[in-house]
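Asker: I'll drop the sequence and a predicted model, then ask my questions.
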Amino acid sequence: MTLNKPSAFVLVGPTASGKSAVAQRIAERTGTSIVSADSMNIYRGMDIGTAKPSLAERALVKTWGIDLADPTEPFSVGDWLRAVRPAFQSSQTPIVAGGTGLYVKCLLQGLDDLPTADEALRERTEKMPLAELQAEAQTSAPEAYEALADKENPRRLIRLLEGKKTSDSWQSEMPVVIGLHVERDELHRRIAARIEKMYAGGLLDEARGLAGLKLSPTAQHAIGYAEAFAVLRGEMTESQAREKTIIRTRQLSKRQMTWFRHQLNVKWIETAAFADLGQLADKVYNACRESGPVPLAGVR
């Protein structure tokens with residue numbers, strides 16, 4: 001790999017699918033580094049609620065994209081791209097692992113190369129009644145339409161149709177990345193277990209330390225932290241906060257899967273087919289080698 005042609009192995013999937021554990025196992029075996037493509041891992045002091053790799057894991061594997069900003073600071077995808085660029089200047093091909101689709105997409109395509117909205121489509125859809133917008137969105141992108149939280153919002157329907165059109169024109173040209181697919185019931189079980197672990201691990205204490213800060217809107221409303229702050233203010237019981245966090249995390253995982261299917265070219269691996277982490281990591285590693293390193297336009 002040369003400096004002007006950075007590349008990486010890319011692993012995506014919804015929250016709680018096991019991406020970080022698989023990447024950690026592969027990186028330990030191969031001696032490479034990990035790039036976290038998770039927009040919440042960038043915040044210092046927000047560790048438990050973001051399920052960051054432990055200090056012990058980071059001692060074994062160099063991990064980029066973590067603890068880049070204070071939660072009081074604004075942070076953009078461009079900031080992230082600049083921060084992780086050095087990871088791709090090594091002779092070892094790193095593993096990009098994460099669930100923030102925009103980070104991955106910009107890493108693959110670059111900020112300036114993302115497709116723009118079709119102006120003719122925009123002009124046409126802006127004149128359509130809500131019922132027609134809904135019908136066209138449901139026909140053109142049924143999965144994305146079903147995942148849409150507010151089907152009465154014309155702007156969101158228009159953006160969905162624009163995203164469908166641009167993905168049709170360029171998705172086939174996107175490089176293949178590897179994705180982890182977890183069956184719905186199993187994913188929900190993992191999400192619930194993760195939330196329980198966060199509270200048992202001291203999420204409320206961590207939130208208490210953040211509560212007096214003037215947090216950025218992203219940090220303030222982050223899944224898990226928003227509910228923990230509500231508990232500290234006496235607006236929710238801990239049980240209610242746990243349940244709401246589980247619901248919001250499930251909703252996030254559904255949005256992530258819809259996004260990956262429509263915006264990236266993913267080769268999915270069914271996690272249920274593997275008895276343990278080691279076997280799954282072997283499968284992912286072999287799939288990455290078969291597909292080859294992915295060229296990265298976003299860090300040239």
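Answerer: In hand now; what should we look at? Numbers count the residues shown, from 1 in each chain.

Asker: and the longest helix seen in the chain, which residues are buried?
Answerer: Counting by DSSP state H, the longest helix found in the chain is helix 238-263. Residues of helix 238-263 classed as buried: 241-242, 244-246, 248-250, 252-263 (neighbour count, 16 or more other CB atoms under 10 Å). In this view, the C-beta of every residue, glycine as well, is placed from N, C-alpha and C.

Asker: which residues of the stretch 51-200 of the chain fall in strands?
Answerer: 63-64, 95-98, 176-181 (DSSP state E, counting those that start in this stretch).

Asker: averaged pLDDT, the first one. What do you get?
Answerer: Spelled out, that is strand 63-64. For strand 63-64, the mean per-residue pLDDT is 98.

Asker: list phi and psi for residue 8.
Answerer: When read as degrees, to the nearest 10, the backbone of residue 8 gives phi -160, psi 160.

Asker: since we're on residue 175, how many residues are nearby?
Answerer: As a burial measure, residue 175 scores 17 neighbours (other CB atoms under 10 Å).

Asker: an error on my part: the question was meant for residue 291.
Answerer: Taking other CB under 10 Å as the criterion, the count of residues near residue 291 is 15.

Asker: just want the angle from the longest helix of the chain to strand 176-181.
Answerer: In terms of direction (axes from the mean of the first three to the mean of the last three CA atoms, to 10 degrees), helix 238-263 departs from strand 176-181 by 150 degrees.

Asker: output the contacting helices and strands for helix 238-263.
Answerer: helix 101-109, helix 142-147, helix 154-170, helix 184-200, helix 225-232 (3 or more CB pairs under 8 Å, 6 or more residues apart in numbering; DSSP states H and E).

Asker: quick one: average pLDDT of the helix or strand following it?
Answerer: Proceeding N to C from helix 238-263, the next assigned helix or strand is strand 265-270, under DSSP states H and E. The predicted model gives strand 265-270 an average pLDDT of 96.

Asker: can you tell me what sits against strand 265-270?
Answerer: By CB atoms under 8 Å, 6 or more residues apart in numbering, the residues outside strand 265-270 that reach it are 12, 171-172, 174-181, 260, 280, 283-284, 287, 291.

Asker: mind doing that once more with 10 Å?
Answerer: 10-13, 17, 22, 108, 167, 170-183, 257, 260-261, 280, 283-284, 287-288, 290-291, 294 (CB atoms under 10 Å, 6 or more residues apart in numbering).

Asker: filter the residues you listed to the buried ones?
Answerer: Buried among the contacts of strand 265-270 (16+ other CB under 10 Å): 10-13, 17, 22, 108, 167, 174-182, 257, 260-261, 280, 283-284, 287-288, 294.

Asker: hmm, which helix or strand of this structure has the shakiest average pLDDT?
Answerer: helix 154-170 (a mean of 61; mean pLDDT, DSSP states H and E).

Asker: leaving out chain neighbours, which residue sits closest to residue 111?
Answerer: Spatial nearest neighbour of residue 111, chain neighbours left out: residue 78 (6.0 Å); criterion: CB to CB, 6 or more residues apart in numbering.

Asker: may I see the strands of the stretch 51-200 of the chain organised as a markdown table, with distance to residue 57 added?
Answerer: A markdown table is the format used below for the strands of the stretch 51-200 of the chain (distance: least, CB to CB, whole Å):
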| stretch | distance to residue 57 |
| --- | --- |
| strand 63-64 | 8 |
| strand 95-98 | 12 |
| strand 176-181 | 18 |
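
Asker: quick one: closest of these to residue 33.
Answerer: Of all the strands of the stretch 51-200 of the chain, strand 63-64 sits nearest to residue 33, with 6.4 Å by CB to CB.

Asker: can you tell me which helices and strands that closest one packs against?
Answerer: Applying 3 or more CB pairs under 10 Å, 6 or more residues apart in numbering; DSSP states H and E, we find strand 63-64 packed against helix 19-30, strand 34-36, helix 77-84, strand 95-98.

Asker: dump the ones you listed into a markdown table; add distance to residue 52 as well.
Answerer: Compiled in a markdown table, those are given as follows (distance: least, CB to CB, whole Å):
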| stretch | distance to residue 52 |
| --- | --- |
| helix 19-30 | 9 |
| strand 34-36 | 8 |
| helix 77-84 | 15 |
| strand 95-98 | 12 |
